[in-house]
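1. give me the fold of what follows.
(chains A, B, C and D)
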There are 4 protein chains.
Amino acid sequence: MAGSTFGTIFKVTTWGESHGKALGVVIDGCPAGLELAEADIQQYLDRRKPGTSAVTTSRKEEDTVEILSGLFEGRTTGTPISLMVRNTSQRSGDYSEIASYYRPGHADYTFDAKYGFRDYRGGGRSSGRETVGRVAAGAVACRILEKLGVRVCAYTRSIGPVEADPAKFSRDAIGRTITAMPDEEADALAVKYLEEIRRETDSAGGCMECLVEGLPAGIGDPVFDKLDANLARAVMSIGAVKAVEIGDGCLVSARRGSENNDAFRMREGSVVKETNHAGGILGGISDGDIIVVRAHVKPTPSIARTQRTVGRSGGEMEVAVRGRHDPVIVPRAVVVLECMTALTVLDAMLMNLSARMDSIVDFYRSR
Amino acid sequence: MAGSTFGTIFKVTTWGESHGKALGVVIDGCPAGLELAEADIQQYLDRRKPGTSAVTTSRKEEDTVEILSGLFEGRTTGTPISLMVRNTSQRSGDYSEIASYYRPGHADYTFDAKYGFRDYRGGGRSSGRETVGRVAAGAVACRILEKLGVRVCAYTRSIGPVEADPAKFSRDAIGRTITAMPDEEADALAVKYLEEIRRETDSAGGCMECLVEGLPAGIGDPVFDKLDANLARAVMSIGAVKAVEIGDGCLVSARRGSENNDAFRMREGSVVKETNHAGGILGGISDGDIIVVRAHVKPTPSIARTQRTVGRSGGEMEVAVRGRHDPVIVPRAVVVLECMTALTVLDAMLMNLSARMDSIVDFYRSR
Amino acid sequence: MAGSTFGTIFKVTTWGESHGKALGVVIDGCPAGLELAEADIQQYLDRRKPGTSAVTTSRKEEDTVEILSGLFEGRTTGTPISLMVRNTSQRSGDYSEIASYYRPGHADYTFDAKYGFRDYRGGGRSSGRETVGRVAAGAVACRILEKLGVRVCAYTRSIGPVEADPAKFSRDAIGRTITAMPDEEADALAVKYLEEIRRETDSAGGCMECLVEGLPAGIGDPVFDKLDANLARAVMSIGAVKAVEIGDGCLVSARRGSENNDAFRMREGSVVKETNHAGGILGGISDGDIIVVRAHVKPTPSIARTQRTVGRSGGEMEVAVRGRHDPVIVPRAVVVLECMTALTVLDAMLMNLSARMDSIVDFYRSR
Amino acid sequence: MAGSTFGTIFKVTTWGESHGKALGVVIDGCPAGLELAEADIQQYLDRRKPGTSAVTTSRKEEDTVEILSGLFEGRTTGTPISLMVRNTSQRSGDYSEIASYYRPGHADYTFDAKYGFRDYRGGGRSSGRETVGRVAAGAVACRILEKLGVRVCAYTRSIGPVEADPAKFSRDAIGRTITAMPDEEADALAVKYLEEIRRETDSAGGCMECLVEGLPAGIGDPVFDKLDANLARAVMSIGAVKAVEIGDGCLVSARRGSENNDAFRMREGSVVKETNHAGGILGGISDGDIIVVRAHVKPTPSIARTQRTVGRSGGEMEVAVRGRHDPVIVPRAVVVLECMTALTVLDAMLMNLSARMDSIVDFYRSR
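-> Okay, the predicted model is just below:
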């Protein structure tokens, strides 16, 4: 399969390309009885909408979701939920030029190498628009997690050289700031930086982080389906992500055990950790602490300044990628990180329902 | 399922715990006609063997592999290959004490939280010995990759503060050095550092890197089965890994597009990149360049110095973890990284056989 | 997952219920480069269309397929193909009554038992309309199989007591006859029988058969993914099918080995069988002969005559199921059998691409 | 993958061939906390042991199971359970002759066609011995089902022309009779028939049936993972099975709706069916009634009388298959049917744990 399916029990299959008729997702395995409406999903899609500020593309993307199946009288029935967003404002004219060459940093060349040709309109399936399906499905996952007492929250940690100050962390700020940073001062600096970058016909990278709170200990499976392993796949599968960290991430390789181990203590009768270097995961299984996942995002490869590349026909050439591009994708990718994290955590929680004989016996004997 | 299966076509299922009777793996989907002998696998297992230097545990682990099925007259038959290693020198006595409390940085607590109890002997399934099955299967994958012209090579990049110097990179050194570093001078410094760490009853983390050379462009699938996404899962699933980087990894988040894009050029009639910031992957698909994967490994959590923790019964206490532990696991984990990378790349190559109509038609029409 | 995904490489996920907004399917893993148009799919959907004769329901179902993704300039791109059919002429009024009780022979009770409630409009997901997605995907599979020299053909073998005479088998007749029988005389008798059945406010069962011609030997995998095992699942998953036979099927249990074994002979330099009791499959792998699959379909459970049942609230009652129902579903189900067979055979052929080292080496070395 | 894995949550992977070193299975996803001992598994393996009567092969197969992993202090830990049976009494000499030709009715030719060569010793992976792994895993599944109040029981329904009389059904008889028939008189006739068949150097087919009692309503998923669809795959995957029936099976195709529908009634406050033509499954989901599955088994293809076939080198020839073969495999296959049914039902029950929001919320909120 071409790798468009994610999850084992809560299984999502996304489809659609940048300039096709529509994009969407099918969720198979959503539990029955969840109250769900298009508005619940729309609010997540709106968070990835561009054109909302000076520092994102001026392209209009009116992404309106339609629920095509799986609901009856406002509740999920346990059968597949099909969600669709029509592509409305795609102008193929913008992209016809790039059919002839390979944009540096893009998947143009690799798609041609794999399939022999490609849908070059706006990057086709490798476009950021592919995330529409992920976000629509993730919105449903987040809604289920809420009912289970689990909250997932992602934000921008840094853009180029500008980092949010953890000391100034404010959850409200995330929704308010242009860059989705939890620190308004850093946000202002980041915006200045992005304006400067744009003037220089360049682009910026950034780092985003996601927290999962309220997750009970015991979620995740040993060996290949470790919670952190599946999170790493989920997050690295987001276009432009080049590194994934759990907890203190890269820092641990320079540490000593005595610095890095989190001591266990008792608090109100339950086991807790004094610190959370581990990012809430030990041996691939949640430890009851906050899950911390970080993703490093490369700068938008589409830049208007001249670059060297080769054409489809094999000749070397110089190009300047025209079109309306985000100088940085992080602010819009934050909701994608949140959704991929939610999909991973929910699937692991559903898988965990069959971990113990005693609870299975209870389930069937209590009937 | 408890997550012990990896891969879609070349599918491996590992089993076994630190102090059980044996450990092993079943490979389902190995192509028929591969010449294979126990010696081919044994040489990989020997690379993860401890007790070979001053800086690894003095535990004896004579891991001898036995091929139980799937071969006939020295060649694979296309049916499951079952590989087993008997546990010989496990002394349960060493571990009885830790039954009573949760070792900081270990999975003791999370296994109890998930399953209600745990096999506490040597960490059970969360032990580093679990990787025996991965390495045995990876050895077979590496052998197949060789025949396809693909070479996978992993090494130690840093231990604590000591980094190998890329300028002094020597492939031969990797096999010679105690730390599996490609730089003999750095190796000497690392060994000194580890002796010092051990004197201080502490432990060290480190960073390891894996290169895949000779991989054609076009390997990997869009969206969720991107080559880098599956590599991230594969590598993060190795115990103690807390971060995974592809190509320039974390560095990209502070870069500009003009710095980070790799220009395409022509060389001997084929498309190449002038630089390889991308680590050989664009849009989740290999671009024909060298694949670069990096893993950051936390310090060995078992240290002899006193730490605070809680007991199974819920009381707070102080412990010092006794037993013979590696001061750093990186030198022995390098072969595990190599094997997990090989398993991921091979499975993607087999999946790619069905990417195009023309080659499928050729396959069946040429019969 | 709720079981709406079928296939490993050529992976289809269907969605939609009888009275929802639409029904559809996502095909993930379709090879790139296949020429495809909506008309190719529409002709298969038209074969399951009712209202085309006196012996099918008079309900109007104008099922018009829309290709939403996965194509570029008339060819498949290798990315997911999303196919949708809008529900147009569903009158919920017809069904409101059955909300209150469990129709005998239907899934009303079991859906309530599983999910706590159900979408009672026209059977929801358990409706025959669910097969729209299967047929749309199967049409694509059939098109690929054609290019590989494989032809799949299903027809009606019997309706109630009326059996088609193998001696009068005519492929053209299948498309011409009202009942999709390959024997015009039997068809006439079957139509008379169905008119009689309908007058008696009753319904009929029947048997349908599918042949796969041109399939090379070697398709299917040992043990659990035997070609016949996957065909059995595929066919039994069609609503109302209660038995699946391969080759001589049930007859073999009363036979002797000397009667049932098919002798091997040579013809034009290749191995053939003198007879085909095996139905083209030995040890779960195709033997180069014609694949023969048979499905026994129960009578339409919706009948206008009075039946005893219970209401949702638990009271016993008598009901007569109103509405416009097929007196027999076989003539419309034949195309579903053809499509499920095609999906199974194609997936097995794609899986077979990785069966041998030599062909894999050829594939990558010839690049 | 070569199709040696079965199940989604309770996932079993079998390995081994007739004349390899050993055969076995890995169970991944077995819930933690199940009390299990080798004796629990051995009693199932002993039921497939030959040489226990005049009507089975005189080959000795001392199949002794060894639990290699996944248990601690007599209970399952939730990690993979590896079960192994060493091949002890295989005499390769018996089989060397058949290397040179294709036995009619066997998989010799199809394995060669697929893989280019085969392990010809005793049929290799296509041997009946492959079921050792299925039975070992099924024994564990049966033990779990017991704790959930579900009983699985298979028996011989007919051998050649001799049928057990349902009126004389006796559960105790199944274990006592040589043919595993539930009717001692029919058993005596069947034994006579088999002795006659053997004298005539021929073999017999038969039919076996499996009942599942105590299964709650609501098990199985719509569309492709219908309980009957997965049972059909599981049962058809058993070597020599050529037809699978659910409930009244093939008979339904000649019936009328008024005869075939099972009326619902109330009994002690719960919904029941007056009859069970459906075999306990409606719309692919269990209805609370007894599940009835039937399998038709072909006659043992190995017969000592002369048959026509072709050699590996392509020449036509006449052969008589020597060796010690069962004149009918049904009595030994009954336990395999029981085990495959148990594996299918258990996996569906575990999948059903995530069907409803309310029970998932209860599970996590009650913590």
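
2. could you use CA atoms for every contact and neighbour count after this?
-> Fine.

3. tell me where the model's unsure across chain A.
-> Residue ranges of chain A with pLDDT under 70: A:1, A:51-61, A:89-96, A:367.

4. those residues of it touching chain C, which are they?
-> By the rule CA under 8 Å from any CA of the partner chain, the part of chain A lying against chain C is A:1-4, A:8-11, A:13-17, A:20-23, A:26, A:28-30, A:32-33, A:68-70, A:72, A:77-82, A:115, A:117-119, A:125.

5. now with 7 Å?
-> Residues of chain A lying close to chain C (CA under 7 Å from any CA of the partner chain) are A:1-2, A:4, A:8-11, A:15-17, A:20-22, A:28-29, A:32, A:68-70, A:72, A:77-80, A:82, A:115, A:118-119, A:125.

6. near chain D too, which of these?
-> Among the residues of chain A next to chain C, the ones lying near chain D by CA under 7 Å from any CA are A:32, A:78.

7. filter the residues of chain A next to chain C to the buried ones?
-> For the residues of chain A next to chain C, a burial check counting by 16 or more other CA atoms under 10 Å in any protein chain shown picks out A:1-2, A:4, A:8-11, A:15-17, A:20-22, A:28-29, A:32, A:68-70, A:72, A:77-80, A:82, A:115, A:118-119, A:125.

8. any part of the lengthiest helix in chain A near chain D?
-> If you go by DSSP state H, chain A has its longest helix at helix A:330-351. Yes: Helix A:330-351 is in contact with chain D by CA under 7 Å from any CA, via A:Leu350.

9. please state the offset of the helix or strand just after that helix from the chain centre?
-> Downstream of helix A:330-351, the next assigned helix or strand under DSSP states H and E is helix A:357-365. Relative to its parent chain, helix A:357-365 has a centroid offset of 35 Å by CA atoms, centre = their mean, to the nearest Å.

10. near chain B at all, helix A:357-365?
-> No: judged by CA under 7 Å from any CA, helix A:357-365 makes no contact with chain B; its nearest approach is 9.2 Å.

11. for A:Ala204, list each beta-bridge partner.
-> With DSSP bridges as the criterion, A:Ala204 is bridged to B:Arg256.

12. my guess is it contacts A:Asp326, does it?
-> No: the pair A:Ala204 / A:Asp326 is not scored as a contact, 9.2 Å apart, by CA atoms under 7 Å.

13. shared neighbours of the two, anything?
-> Listed contacts common to A:Ala204 and A:Asp326 are A:Thr300; contacts here mean CA atoms under 7 Å, 6 or more residues apart in numbering or on different chains.

14. who's more crowded, the two?
-> The neighbour count for A:Ala204 versus A:Asp326, taken as other CA atoms under 10 Å in any protein chain shown, is higher for A:Ala204 (30 against 26).

15. all helices for chain A, in order.
-> For chain A, applying DSSP H gives helices covering A:38-47, A:108-115, A:131-147, A:171-176, A:184-199, A:227-236, A:257-260, A:330-351, A:357-365.

16. highest average neighbour count across those?
-> Most buried of the helices of chain A by mean neighbour count (mean count of other CA atoms under 10 Å in any protein chain shown) is helix A:227-236; its value is a mean of 31.

17. which residues does that helix contact?
-> By CA under 7 Å, 6+ apart, the residues outside helix A:227-236 that reach it are A:220-221, A:242-244, A:284-285, A:295, A:337, A:340-341, A:344, B:228-230, B:232-234, B:236-237.

18. now do the contacts for A:Asp289.
-> Counting by CA under 7 Å, 6+ apart, A:Asp289 touches A:Gly280.

19. now it: how far from A:Glu274?
-> 10 Å (CA to CA, to the nearest Å).

20. what do you get for A:Asp112?
-> 51 Å.

21. again with A:Phe6
-> From A:Phe6 to A:Glu274 the distance is 34 Å (CA to CA).

22. separation between the nearest residue to A:Arg125 once chain neighbours are set aside and A:Glu130?
-> Leaving aside its sequence neighbours, A:Arg125 sits nearest to A:Glu17 (CA to CA, 6 or more residues apart in numbering or on different chains; 4.3 Å). A:Glu17 sits 6 Å away from A:Glu130, going by CA to CA.

23. A:Asn260 too?
-> 38 Å.

24. surely A:Asp108 touches A:Tyr102?
-> Yes: if you go by CA under 7 Å, A:Asp108 and A:Tyr102 touch, sitting 5.3 Å apart.

25. how about the residues of the stretch 251-367 of chain A that lie near chain B?
-> Residues of the stretch 251-367 of chain A found near chain B (CA under 7 Å from any CA) are A:252-258, A:261-266, A:282-283, A:285-287, A:296-301, A:303, A:307-310, A:316, A:355-356.

26. okay, and which of those map to strands?
-> Secondary structure from DSSP state E places A:264-266, A:282, A:285-286, A:296-297, A:307-310, A:316 of these in strands.

27. need the residues you listed in CSV (columns: neighbour count and distance to D:Val191).
-> CSV is the format used below for those (neighbours: other CA atoms under 10 Å in any protein chain shown; distance: CA to CA, whole Å):
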residue, neighbour count, distance to D:Val191
A:Phe264, 24, 68
A:Arg265, 20, 70
A:Met266, 16, 69
A:Leu282, 27, 61
A:Ile285, 27, 57
A:Ser286, 30, 59
A:His296, 29, 73
A:Val297, 33, 73
A:Gln307, 18, 85
A:Arg308, 18, 83
A:Thr309, 24, 80
A:Val310, 24, 79
A:Glu316, 16, 82
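
28. which of those lies closest to chain D?
-> Distance to chain D across those (CA to the nearest CA) is lowest for A:Ile285, with 13.2 Å.

29. residues of the stretch 251-367 of chain A that sit close to chain D?
-> A:350, A:353-357, A:361, A:364-365.

30. try it again with 6 Å
-> A:355-357, A:361 (CA under 6 Å from any CA of the partner chain).

31. I would like the residues contacting stretch A:312-319, please.
-> A:100-101, A:306-310 (CA atoms under 6 Å, 6 or more residues apart in numbering or on different chains).

32. so what's A:Gly269 closest to, chain neighbours aside?
-> The shortest distance from A:Gly269 to any non-neighbouring residue, by CA to CA, 6+ apart, is to B:Gly314 (7.7 Å).

33. the one you found and A:Thr275, how far apart?
-> From B:Gly314 across to A:Thr275, the span is 18 Å (CA to CA).

34. next: A:Thr14.
-> Taken as CA to CA, the span from A:Thr14 to A:Thr275 is 38 Å.

35. and if you look at A:Glu185?
-> A:Glu185 is 27 Å from A:Thr275, where distance means CA to CA.

36. same thing with A:Glu38?
-> A:Glu38 is 40 Å from A:Thr275, by CA to CA.

37. do A:Phe169 as well
-> Here A:Phe169 is placed at a distance of 18 Å from A:Thr275 (CA to CA).

38. what count of nearby residues applies to the residue nearest to A:Gly269?
-> With neighbours defined by other CA under 10 Å, the count for B:Gly314 comes to 16.

39. neighbours of A:Val150, how many?
-> With neighbours defined by other CA under 10 Å, the count for A:Val150 comes to 18.

40. what's near enough to touch it?
-> A:213-215.
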